[in-house]
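Asks: Next comes the sequence, and after it the predicted model I'd like to discuss.
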Amino acid sequence: MKSLKPIVFLSCLVPLALLAWDGYADNLGANPIEAITRATGKWTLILLLVTLAITPLRKISGWQSLIKFRRMLGLFAFFYACLHFTTYVWLDQFFEVPSIVKDIAKRPFITVGFTSFVLLIPLAVTSTSGMIRRLGKRWQQLHRLVYISAIGGVLHFLWLVKADIRRPVLYGSILALLLAYRLVRGGSWSAALKIPGKNLSASS
Amino acid sequence: MLIQRPDDIKAGEITPKEAYLNRREFMKGATVAAAAVASGAGMADLFIGARNSHAGVKLEGVQKSSLSTTEPANSYKDITGYNNFYELGTDKDDPARNAKYLITRPWTVAVEGEVKKPKVYDIDELIKIAPLEERIYRLRCVEAWSMVIPWVGFPLSALIKRLEPTGNAKYIEFRTLYDPRRMPGQNRNVLEWPYVEGLRMDEAMHPLTILSVGLYGEVLPAQNGAPIRLVVPWKYGFKSIKSIVRIRFGERQPPTSWSKSAPQEYGFYSNVNPEVDHPRWSQARERRIGEFFKRPTLVFNGYADQVASLYKGMDLKKYY
């Protein structure tokens, strides 16, 4: 299973490569900055959902080794979130800090998006094996922030579309399923909420 | 008649049309037309009508207008490839992809309500009502992007004068086609169909307001609202209703589709105004398609000199 890591790593870079190729080939349409913003946001959400799917998949399939990929996938979600945020700050707002601050304060979809991004930072910083050891039980508690970040990401998307809510609702439904699984089957989330469930293992 | 030439429209900047005249797509469309005989027109008539009304057919006798802007027009590729036309799909590239479904012959536009001369116009008759002019206008979408588009059309006022509106005609309501076979996006109620829009009578009579039948000197492509659409350049783009089938004159302000969908976000007037934000995003700046940096949005989309007087004394924050 471990030899699959390079494959997963490269797969996670494919969306970026395709985006770069499209940019080079002038295939991003009439509004390329919007296309880049949308694509990087989409892949942030997708990778977050994939990361959150590892535990349910692991428990259902019995493939314990799936856990090995979770950190890489989570960090790639953070990577695309950084690209998404950088696109906004640089290509959309041209580093104009007052304008950005105003946006974050006044526009709900940007407030929730920015919050979701910020919540991922401590998770990325504490993703190393050394940090896992150092923080012990508190690592678990800290990393529950990913649930809030994912919910915020879906709301961010929902609150920016004009009328066609199909895609945000789709992501939200998948997220709801993944969170419901944890609620029902136990693990760190139900432990946090002190819900009696099948606490199958200490680490979820 | 005074004819002026805008000085910096460069024909060389126009993308070659051959790249976008997708003849295979046309044949597909023509086959659909032949298969969906609507009103007893012969198969031959349908074919000929469809061919003459297809995007890419040159319009004759188009005159320049002093009401055109001198700003450079966006490319044909961008104008026909980046569209909000939910009847043909909600992604920006959907309308071009689904254009083949929108058969525009036969087509009628019914004019009714508070007019002395109501009539059902065949589209080919309606196109000839007034000399065609080229109107190069800015179009500002409520999503905060904009383009400069070289429309071909005639003033709406030319049509209105012929119809002789009565004293009760204070507002005009426009309606788009409702036909999910020709507009596959209408299979989903992302908006309430058919799409409706409206203008106050003085807005409709204004010289800037046109009915457009073409683009870059050629017949309007489906994704841009074929065969006939409204263009009101000082308002957000969604007011410029596409693929019109009915125009009704009345006493009361008509409901409009986006306002029905989200009344706190979209109003009847929808005048471009950097000082009145959309509840969820700012309207102070916009991205002109093709440009890297954003530009400040101008009140009334830069047409303030010509239209501000229509709204004198009106609280534009209240009547958004």
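Replies: Thanks, I have it.
Asks: only C-alpha atoms for contact and neighbour calcs from this point on.
Replies: Noted.
Asks: remind me which residues of the chain are low pLDDT?
Replies: All of this refers to chain A. A:1-2, A:186-204 (pLDDT under 70).
Asks: actually chain B
Replies: Checking chain B against pLDDT under 70 turns up B:1-53.
Asks: cutoff 50 now
Replies: B:1-9, B:11-16, B:18-22, B:24-25, B:28-50 (pLDDT under 50).
Asks: Report all helices and strands that the lengthiest strand in it contacts.
Replies: Determined from DSSP state E, the single longest strand within chain B is strand B:145-155. Contacts defined by 3 or more C-alpha pairs under 8 Å, 6 or more residues apart in numbering or on different chains; DSSP states H and E place strand B:145-155 against strand B:133-140, strand B:210-215, strand B:285-288.
Asks: Include mean neighbour count and distance to chain A when you put those strands into JSON lines, please.
Replies: Shown next, in JSON lines, are the helices and strands packed on strand B:145-155 (neighbours: other C-alpha atoms under 10 Å in any protein chain shown; distance: least, C-alpha to the nearest C-alpha, whole Å):
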{"stretch": "strand B:133-140", "mean neighbour count": "25", "distance to chain A": "14"}
{"stretch": "strand B:210-215", "mean neighbour count": "27", "distance to chain A": "17"}
{"stretch": "strand B:285-288", "mean neighbour count": "20", "distance to chain A": "9"}
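Asks: Would you mind saying which of those lies nearest A:L170?
Replies: strand B:285-288 (29.1 Å; C-alpha to C-alpha).
Asks: Let's see the closest one as CSV, backbone CA atoms only.
Replies: Listed in CSV are the C-alpha atoms of strand B:285-288, where the atom choice follows Å, rounded to 0.1, in the frame of the first residue of the first chain:
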residue,chain,number,x,y,z
ARG,B,285,-15.8,47.5,-9.2
GLU,B,286,-16.0,45.2,-12.2
ARG,B,287,-13.8,43.0,-14.3
ARG,B,288,-13.9,44.0,-18.0
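Asks: Contacts made by it with the rest, please.
Replies: B:A144, B:W145, B:S146, B:M147, B:P274, B:F293, B:K294, B:R295, B:P296, B:T297 (C-alpha atoms under 8 Å, 6 or more residues apart in numbering or on different chains).
Asks: And the buried ones among the residues you listed, selectable in ChimeraX?
Replies: Burial among the contacts of strand B:285-288 is assessed by 16 or more other C-alpha atoms under 10 Å in any protein chain shown; the matching ChimeraX selection reads:
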select /B:144,145,146,147,274,294,297
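Asks: right, and the helix or strand after whichever strand or helix holds A:L73?
Replies: Using DSSP states H and E, A:L73 sits in helix A:70-86. Counting by DSSP H and E, the next helix or strand C-terminal to helix A:70-86 is helix A:97-106.
Asks: Sort out which residues of that following helix are buried, please.
Replies: For helix A:97-106, using 16+ other C-alpha under 10 Å, the buried residues are A:I100, A:D103, A:I104.
Asks: now stretch A:118-128
Replies: Taking 16+ other C-alpha under 10 Å as the criterion, stretch A:118-128 shows A:L119, A:L120, A:L123, A:A124, A:T126, A:S127 as buried.
Asks: how far out from the middle of the chain is that stretch?
Replies: Once both centres are worked out by C-alpha atoms, centre = their mean, to the nearest Å, stretch A:118-128 turns out to sit 11 Å from its chain's centre.
Asks: Tabulate the CA atom coordinates of it in PDB.
Replies: These are the backbone C-alpha positions of stretch A:118-128, laid out as PDB (Å, rounded to 0.1, in the frame of the first residue of the first chain):
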ATOM      1  CA  VAL A 118      -7.800  29.900   8.600                       C
ATOM      2  CA  LEU A 119      -9.100  26.900  10.500                       C
ATOM      3  CA  LEU A 120      -7.000  24.700   8.200                       C
ATOM      4  CA  ILE A 121      -3.700  26.400   9.100                       C
ATOM      5  CA  PRO A 122      -3.300  24.900  12.600                       C
ATOM      6  CA  LEU A 123      -4.200  21.500  11.100                       C
ATOM      7  CA  ALA A 124      -1.500  21.800   8.400                       C
ATOM      8  CA  VAL A 125       1.100  23.000  10.900                       C
ATOM      9  CA  THR A 126       0.400  20.100  13.300                       C
ATOM     10  CA  SER A 127       0.200  17.400  10.600                       C
ATOM     11  CA  THR A 128       3.800  16.100  11.200                       C
END
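Asks: what's across from the spatially closest residue to B:L67 that is not a sequence neighbour in the sheet?
Replies: Using C-alpha to C-alpha, 6 or more residues apart in numbering or on different chains and skipping residues adjacent in sequence, the residue nearest B:L67 is B:R135, 6.6 Å away. Counting by DSSP bridges, B:R135 is bridged to B:W151.
Asks: dump the residue contacts of B:R135.
Replies: Contacts for B:R135 were tallied using C-alpha under 8 Å, 6+ apart; they are B:K64, B:S65, B:L67, B:S68, B:T69, B:P150, B:W151, B:V152, B:G153.
Asks: Now do the nearest residue to A:F114 once chain neighbours are set aside against chain B, distance only.
Replies: Closest residue to A:F114 apart from its sequence neighbours, by C-alpha to C-alpha, 6+ apart: A:I104 at 7.0 Å. Between A:I104 and chain B the distance is 11 Å, computed by C-alpha to the nearest C-alpha, to the nearest Å.
Asks: Please tell me I have it right and A:I104 contacts A:P98.
Replies: No - look at A:I104 against A:P98 with C-alpha atoms under 8 Å: they stay out of range, at 10.0 Å.
Asks: shared neighbours, those two?
Replies: Contacts common to A:I104 and A:P98, judged by C-alpha under 8 Å, 6+ apart, are absent.
Asks: Tell me how many other residues crowd the residue lying closest to A:L47 once chain neighbours are set aside.
Replies: With C-alpha to C-alpha, 6+ apart as the criterion, A:L47 has its nearest non-adjacent residue at 5.0 Å, and that residue is A:A77. By other C-alpha atoms under 10 Å in any protein chain shown, the residues close to A:A77 number 26.
Asks: in the sheet, who's paired with B:I210?
Replies: Here B:I210, judged by DSSP bridges, has bridge partners B:P155, B:V231.
Asks: ok, A:I33 touching A:F94?
Replies: No - A:I33 is beyond contact range of A:F94, at 11.9 Å (criterion: C-alpha under 8 Å).
Asks: more crowded one of the two?
Replies: A:I33 (18 against 15).
Asks: which ones are touching the residue nearest to A:F117 when sequence neighbours are not counted?
Replies: Nearest residue to A:F117 in three dimensions, chain neighbours excluded: A:A81, at 6.6 Å (C-alpha to C-alpha, 6+ apart). Going by C-alpha under 8 Å, 6+ apart, A:A81 touches A:T40, A:G41, A:T44, A:F117.
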